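Chemist: no sequence on this one, just coordinates:
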């Protein structure tokens, strides 16, 4: 009996011990601890060296042919921006790659923030991205890299590379005959580089005059729906557009439809020739955006070979193809029952002394003009718009720097009575430094700064006090120099800096070295003076650049009234500004539907206006000239035998 009682008590004790040890047992079996300890995130070593670069206009500048590596997309939603300087007419290709499997998306924006190109995966099964685009206007372009959908890739890295592509010949636009073979794609079933663009909301931005290589391979690859390609482009009154598909692969048939900016149908076409290509012409009557949709008709060839479903899209402004001196419309016969039309009001020319500098409008940071180190700019304090009065003009500029750059920024060649002030800002508008007067004896401004980051810097140049009235050209002019001191070869000179301008700190001349002279007892003491002379020839002072504006009107005087009428403008005529010494082309423009063209160039001497089509040449001195070229109407005989 006692043994049984003792066993019962021992059993209760064992149960209690097991109960008390239960949390430890459960934790050992994988249950979470009631008070978990937070583990700090592991830092990437090395970190991304270019952060922060989350906004357009920021980030390092891409150098052609040199990949940029060790880049990270972390934390969640991170976007990396880079800068690329594009030259007009050049085509560039951007490519991302990752050995760690980072799935990237590439986008390219122009200076106004308009999306120009986009790509996620350019080769199926490869997470890298690639875009190619052609530059219309020279300047800085923003490149963004992110992940779609947004992911945190932690310490997994990627790289990006920019390269310039060799120019490709423009496809021949013929409506008959056998079309040229379409451009091959990397792999027979791979979509083209502009996907996804399957509806109007995904339309890719393109430009007039840019032939595009496309195909009808579906996106994504497993999609069973027929592929559609949508694009959008800017239009304006006076454009004469021809939109067409060309270079169709064998057996391909296309259809295209053009839509207005509100989605209304402008026109459509199925076949414009025996090769089953499509085309239409259109003269827009508004400023804005238009859309084009391209679809396949009938059965598509199986993509057994590269380019089996390929075609090209071309959007051409016929005004710029072949200039003609024949007016587009014959003069109308006056209606005796209608009152005579009123004379067309000609724009009032702005006097040269009230013309702003060529960097306007740059009166606020958002409109800052892009410049570069090593440039000397000729500007003025004439306000924008031309002819405005009673407005204080501030000039904003922006330029790229790399960490460690030693910069000197200064205003030079101030017009009499002009006083400047300069302020340097970071990308976040934080003030770096500023200066009013270099010294008490002058009114120009200067400062030096060693860049402590790589990115974009903003510079404000403003007037101090009253600005002289623009009664003569150059009354409020000044020059701005942005100098990298590491790239300047110093010229030794006692008491002055190497580039010939006074510095805002005192300079102590180096005393001449005393030369000991042996003096024999029988010879009188002779004093020897050593004067240092520089053998370097004097540096010629360069002539300042001046702005020359050419305002040209070319018209066909059909009614012989010795004045340009609305319908008499000659469109598409090539107008050039040439250097008067070496005939180098300084600027080029084409006349619009009113026969008018304007171009502004910077030069140190007079320029020569040239109209090659008409054999016309005219020397023009700064600040420019307004010229009207009249083409006399042909007088045909009343009776033709």
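Modeler: Noted; the coordinates are in hand. Model, not experiment: these values are computed from the prediction. Numbering: from 1, shown residues only.
Chemist: chain center to stretch 415-424, what's the gap?
Modeler: Mean-position distance between stretch 415-424 and its chain equals 29 Å (C-alpha atoms, centre = their mean, to the nearest Å).
Chemist: what does it rub up against?
Modeler: Residues from elsewhere that reach stretch 415-424, judged by C-beta atoms under 8 Å, 6 or more residues apart in numbering: 380-381, 409-411, 414, 431-437, 443-447, 449, 457-468, 474-478. The way it works is simple: take the backbone N, C-alpha and C, and place the C-beta from them, glycine included.
Chemist: List the buried residues of that stretch.
Modeler: Buried residues in stretch 415-424, counted by 16 or more other C-beta atoms under 10 Å: 418-424.
Chemist: Name the helix or strand of this protein that has the lowest mean pLDDT.
Modeler: helix 22-28 (a mean of 39; mean pLDDT, DSSP states H and E).
Chemist: thinking again about what came up before, now the buried residues of stretch 415-424 as a markdown table including secondary structure, distance to residue 250 and pLDDT?
Modeler: Compiled in a markdown table, these are given as follows (DSSP: H, G, I helix; E, B strand; the rest coil; distance: C-beta to C-beta, whole Å; pLDDT from 0 to 100):
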| residue | secondary structure | distance to residue 250 | pLDDT |
| --- | --- | --- | --- |
| 418 | coil | 69 | 89 |
| 419 | coil | 72 | 90 |
| 420 | strand | 67 | 93 |
| 421 | strand | 68 | 91 |
| 422 | strand | 64 | 94 |
| 423 | strand | 64 | 93 |
| 424 | strand | 61 | 93 |
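Chemist: which of those residues lies closest to residue 204?
Modeler: residue 424 (38.6 Å; C-beta to C-beta).
Chemist: Could you give the bridge partners of the closest one?
Modeler: Beta bridges link residue 424 to residue 433, residue 459, judged by DSSP bridges.
Chemist: Poorly predicted segments of the stretch 101-250 of the chain, please.
Modeler: For the stretch 101-250 of the chain, the stretches flagged by pLDDT under 70 are 125, 168-187, 210.
Chemist: list the contacts for residue 364?
Modeler: Applying C-beta under 8 Å, 6+ apart, the residues contacting residue 364 are 394, 396.
Chemist: again with residue 285
Modeler: By C-beta under 8 Å, 6+ apart, the neighbours of residue 285 are residue 237.
Chemist: Residue 265 pairs with what?
Modeler: Bridge pairing for residue 265 - DSSP bridges - gives residue 259.
Chemist: again, but for residue 132
Modeler: Applying DSSP bridges to residue 132, the residues it is bridged with are residue 93.
Chemist: Distance check, it against residue 282.
Modeler: 27 Å (C-beta to C-beta, to the nearest Å).
Chemist: cool, residue 149 as well?
Modeler: In this structure, residue 149 and residue 282 are 38 Å apart, going by C-beta to C-beta.
Chemist: higher neighbour count, the two?
Modeler: Neighbour tally, residue 149 and residue 282, criterion other C-beta atoms under 10 Å: the higher count belongs to residue 282, 16 against 8.
Chemist: Just give the nearest non-adjacent residue to that one, would you?
Modeler: Ranked by C-beta to C-beta, 6 or more residues apart in numbering and with sequence neighbours excluded, the top spatial neighbour of residue 282 is residue 241, at 5.0 Å.
Chemist: With residue 76 instead?
Modeler: Per C-beta to C-beta, 6+ apart, closest to residue 76 is residue 152, 4.1 Å.
Chemist: Against residue 79, how distant is that neighbour?
Modeler: With C-beta to C-beta as the criterion, residue 152 and residue 79 are 13 Å apart.
Chemist: Tell me which of those two has more neighbours.
Modeler: residue 79 (17 against 13).
Chemist: confidence score at the more buried one?
Modeler: Looking at residue 79, its pLDDT reads 91.
Chemist: try the one 10 residues further on
Modeler: Confidence at residue 89, expressed as pLDDT, is 88.
Chemist: Which parts of the stretch 1-150 of the chain are helices?
Modeler: With DSSP state H, counting those that start in this stretch, the ranges of helices along the stretch 1-150 of the chain come out as 2-20, 22-28.
Chemist: By mean pLDDT, show me the worst of those helices.
Modeler: Across the helices of the stretch 1-150 of the chain, helix 22-28 has the smallest mean pLDDT, namely a mean of 39.
Chemist: neighbours of residue 464, just the number please.
Modeler: 13.
Chemist: for residue 304, that is, sorry about that
Modeler: 8.
Chemist: Could you measure from it over to residue 567?
Modeler: As judged by C-beta to C-beta, residue 304 and residue 567 stand 55 Å apart.
Chemist: so what's residue 293 up against?
Modeler: Here residue 293 is in contact with 200, 228-230, 256-259 (C-beta under 8 Å, 6+ apart).
Chemist: follow-up on the earlier one: is it possible to mark the buried ones in the contacts of stretch 415-424?
Modeler: Judged by 16+ other C-beta under 10 Å, buried ones among the contacts of stretch 415-424: 380-381, 409-411, 414, 435, 437, 443-447, 457-463, 467-468, 474-478.
Chemist: mind listing what's buried in stretch 233-253?
Modeler: 233-235, 239-249, 252-253.
Chemist: Residue 616: which of those is nearest?
Modeler: Nearest to residue 616 among these: residue 240, at 24.3 Å, using C-beta to C-beta.
Chemist: what's the residue nearest to the closest one when sequence neighbours are not counted in contact with, if anything?
Modeler: Using C-beta to C-beta, 6+ apart and skipping residues adjacent in sequence, the residue nearest residue 240 is residue 318, 4.4 Å away. By C-beta under 8 Å, 6+ apart, the contact list for residue 318 reads 240-242, 281.
Chemist: Need the residues you listed in a markdown table (columns: distance to residue 287 and secondary structure).
Modeler: Shown next, in a markdown table, are the contacts of residue 318 (distance: C-beta to C-beta, whole Å; DSSP: H, G, I helix; E, B strand; the rest coil):
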| residue | distance to residue 287 | secondary structure |
| --- | --- | --- |
| 240 | 15 | coil |
| 241 | 14 | strand |
| 242 | 20 | strand |
| 281 | 19 | strand |
